[in-house]
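Asker: Would you be able to build a 3D model of this:
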Amino acid sequence: MSTFVLVPGMWIGAWAWRGVTAELRAAGHDVFPLTLTGVADRDHLPGADLETHVADIVRLIEVEDLRDVVLVGHSYGGFPVTVAAERIPGRLSRVVYVDSGPLPAGTTQLDQLDVAVTGPAVPPREWDPAADPQLLAGLDDAALELLRTRATPHPAASVTAPLPRTGAGLAVPLTLVTCALPAEQVAQMIAAGHPWFAELTDATVVAVPTGHWPMLSEPVALARALAGQPGS
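Answerer: Numbers count the residues shown, from 1 in each chain. Coordinates of the predicted model:
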């Protein structure tokens, strides 16, 4: 059995992992879904930036004395996961990127967004599947309503901060769970050295075809992919 730490992307908290957490725990795994500072049930805590989110992950793993951890980062969560993995590699057995990847040093999450940051927080998207059918694919009305009611603004300082890579490289085995992009396209991007996936040439790639929020659209399939049992 494995120990999982689940790190969400922008605007969502540990609550979004509820279905995945239930599946993994039912299979006998230990699971620690995490809410990053400044978001969801921790949105009352101001001043969070990327370093704060790295500390959220590292402190959870150290305080709980977790070892052989499967550290999972979804979307923006891949940023603090990448840095945390370089700081505490000895406590990890694998790093899993869900629609994310270990981006190059100096990259910001803002580089990946099509929004302007004008205040202390980035408002949630409108969660309109008609306007964004690819990323929101697979989300039913209940999931969309959950996102509309529970998503919170995300600390702007975390998305404008450049990724501080150490240059030491990530010595932990990597897995990419690709959802919004087809596996064939991802394979081509890896081969071409695309910066999203350039460090994943030796990674295990697992496809969970759905939109960008698989923890809500395909929680069972995502849990099985995280546990190394895709399609079972």
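Asker: Give me the residue ranges of the protein where confidence is low.
Answerer: 168-169, 230-232 (pLDDT under 70).
Asker: Can you give me every residue that contacts Gln188?
Answerer: By C-beta atoms under 8 Å, 6 or more residues apart in numbering, Gln188 lies in contact with nothing. (Each C-beta comes from the backbone N, C-alpha and C, glycine too.)
Asker: what's the distance between it and Leu103?
Answerer: Distance from Gln188 to Leu103, counting by C-beta to C-beta, to the nearest Å: 18 Å.
Asker: what's across from the residue nearest in space to the middle of the chain in the sheet?
Answerer: For the chain, the residue nearest the mean C-alpha position is His74 (1.3 Å; C-alpha atoms, centre = their mean). As for beta bridges, His74 partners with Val98 under DSSP bridges.
Asker: wait, what's in contact with it?
Answerer: Here His74 is in contact with 6-9, 98-100, 215 (C-beta under 8 Å, 6+ apart).
Asker: The residues you listed in strands, which ones?
Answerer: 6-7, 98 (DSSP state E).
Asker: just the residues you listed now: which is nearest Ala221?
Answerer: Nearest to Ala221 among these is Val98, at 11.6 Å by C-beta to C-beta.
Asker: Can you name the residues that contact the residue nearest to Thr3 when sequence neighbours are not counted?
Answerer: Spatial nearest neighbour of Thr3, excluding adjacent residues (C-beta to C-beta, 6 or more residues apart in numbering): Asp30 at 4.4 Å. Residues near Asp30 by C-beta under 8 Å, 6+ apart: 1-4.
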